[in-house]
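> Based on what follows, work out the 3D shape:
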Amino acid sequence: MIPSISVARWSSLTYALIAVLFCTNCAEKKPDKKEATITAVQTHKIKVIFDTDANNELDDQHALAYLLFNGDTFEVPGITVNATYNGGEIQGHFDEAERVLQLSNLKGDIPLLKGANGNYQEISEDFNPEDYDGQDGVDFLIETTKKDAVIIVAVGKLTNIALALKKDPGFAERTKIVWLGSNYPQPGEYNQDNDTIAMNYVLNSSIPFEMVTVRYGDPSGTDAVSVTQDEINQKMPGLGPIAKMPIKGRHGGEFANFGDYSVSLFQHIFDHVEHPGDKKTRPLFDMVAVAILKNSNWGEQKEIPAPILIDNAWVERPDNNRKITLWENFDKEALLTDFYNTMKNPILVSNP
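Just a heads-up that it's a prediction; the model follows:
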């Protein structure tokens with residue numbers, strides 16, 4: 001749940017925006033109530049910074065493309081990257097995010113910045129706020145949230161978020177974090193395990209925080225929002241805008257649209273990674289964290305007292321006044337239908 005000060009700020013910004021929309025040309029014409037409501041819905045867009053470990057697997061790329069192709073819903077002030085252990089050093093994550101931007105003809109239009117290569121504990125020791133690992137990305141988060149109401153969708157480790165809170169405690173009052181991570185209430189999960197200390201730091205802060213659960217093997221988490229390689233091979237070829245400058249793919253080859261690159265990403269996953277008992281399916285975890293901002297009916301949410309992870313076990317704190325939002329039980333059919341429709345009919349985002 002957003003603390004009262006944050007609610008007030010977000011509400012005032014929203015009401016101010018709607019007031020501007022309603023008063024435009026009001027001297028010439030007074031729209032009726034129905035017309036004004038439609039105008040507000042059509043004009044207001046959600047500003048999202050996407051914080052990603054883009055080179056980790058393949059769901060980040062699909063989530064980023066989905067975000068970039070939903071320009072009627074979102075505006076994207078920027079993208080920040082961090083490094084997690086399956087994706088190599090920070091440059092690899094930067095390069096992969098840049099490939100998706102180039103396929104979207106948005107390279108150079110949407111800022112892309114490097115965040116943390118290391119973990120929170122390493123970086124926060126003897127922390128120098130003027131010179132630290134991840135400074136470009138973290139400072140971008142801090143400064144952008146000073147200018148406007150922006151939501152940060154984090155789909156990797158939470159190091160960049162924790163560092164922003166450490167450097168500027170006021171950051172907690174200016175934004176909201178939607179994080180794809182954790183198997184809560186069970187232990188384990190890739191994003192969580194890459195920087196548990198950062199996650200606990202964020203959970204113990206006051207920043208509005210929504211946890212979009214993963215829950216491997218459990219139908220209640222984003223792990224259930226999966227697609228097959230055959231489905232990708234049938235539906236994705238040729239989809240997305242035609243790139244003005246084709247890319248060289250992460251695994252070789254040249255691609256001029258995201259749909260063809262999607263096919264390549266899936267082919268590489270199943271050609272090079274063993275999946276015992278797997279019928280060549282792969283979840284689009286990260287895409288769900290973006291989609292629920294577009295339509296909250298595509299998942300169930302509930303408020304819980306913020307727990308803490310100690311020795312790889314979740315510890316409940318029922319008397320904790322700090323509350324977070326937990327997302328689970330996602331509408332797979334609706335989510336994937338919208339994903340494919342978006343790929344077929346992309347509307348590119350703008351940088352506000």
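> Flag every buried residue along stretch 75-88.
Across stretch 75-88, burial judged by 16 or more other CB atoms under 10 Å covers Glu75, Val76, Pro77, Gly78, Ile79, Thr80, Val81, Asn82, Ala83, Thr84, Gly87, Gly88. Heads up, the C-betas are built off the backbone N, CA and C, glycines and all.
> In terms of helices and strands, where is the first one?
Applying DSSP states H and E as the criterion places Glu75 in strand 74-81.
> Tell me the gap between that strand and the middle of its chain.
Remark: strand 74-81 is offset 9 Å from the chain centroid, using CA atoms, centre = their mean, to the nearest Å.
> Quick check: what element follows it along the chain?
Taking DSSP H and E, what comes next after strand 74-81 is helix 90-103.
> taking the mean pLDDT, what do you get for that following helix?
The pLDDT scores in helix 90-103 average 98.
> tell me what it is packed against?
Here helix 90-103 touches helix 59-68, strand 74-81, strand 112-114, strand 247-248, helix 258-272, going by 3 or more CB pairs under 8 Å, 6 or more residues apart in numbering; DSSP states H and E.
> Tell me which of these approaches Phe209 most closely.
If you check each of the helices and strands packed on helix 90-103 against Phe209 by CB to CB, strand 74-81 wins as the nearest, at 17.4 Å.
> Enumerate every residue touching the closest residue to Gln229 other than its chain neighbours.
Spatial nearest neighbour of Gln229, excluding adjacent residues (CB to CB, 6 or more residues apart in numbering): Lys280 at 4.3 Å. Taking CB atoms under 8 Å, 6 or more residues apart in numbering as the criterion, Lys280 is in contact with Thr228, Gln229, Asp230, Phe270.
> ok, now with 10 Å
Val227, Thr228, Gln229, Asp230, Glu231, Ile232, Phe266, Ile269, Phe270 (CB atoms under 10 Å, 6 or more residues apart in numbering).
> partners of the strand holding Glu75, with directions?
Under the criterion DSSP bridges, strand 74-81 sits next to strand 46-52 (parallel), strand 112-114 (parallel) in its sheet.
> tell me the most buried of these?
strand 46-52 (a mean of 24; mean count of other CB atoms under 10 Å).
> For His296, give its distance to Val178.
His isn't right for residue 296; it's Ser. According to CB to CB, to the nearest Å, Ser296 and Val178 sit 11 Å apart.
> Compare those two (neighbour count), which wins?
Val178 (22 against 11; other CB atoms under 10 Å).
> who touches that one in this structure?
Contacts of Val178 (CB under 10 Å, 6+ apart): 48, 51, 151-155, 208-212, 289-290, 292-293, 325, 327.
> Kindly state the pLDDT recorded for the residue nearest the centre of the chain?
Taking CA atoms, centre = their mean, the centroid of the chain lies closest to Val153, which sits 3.2 Å from it. Predicted confidence (pLDDT) for Val153: 99.
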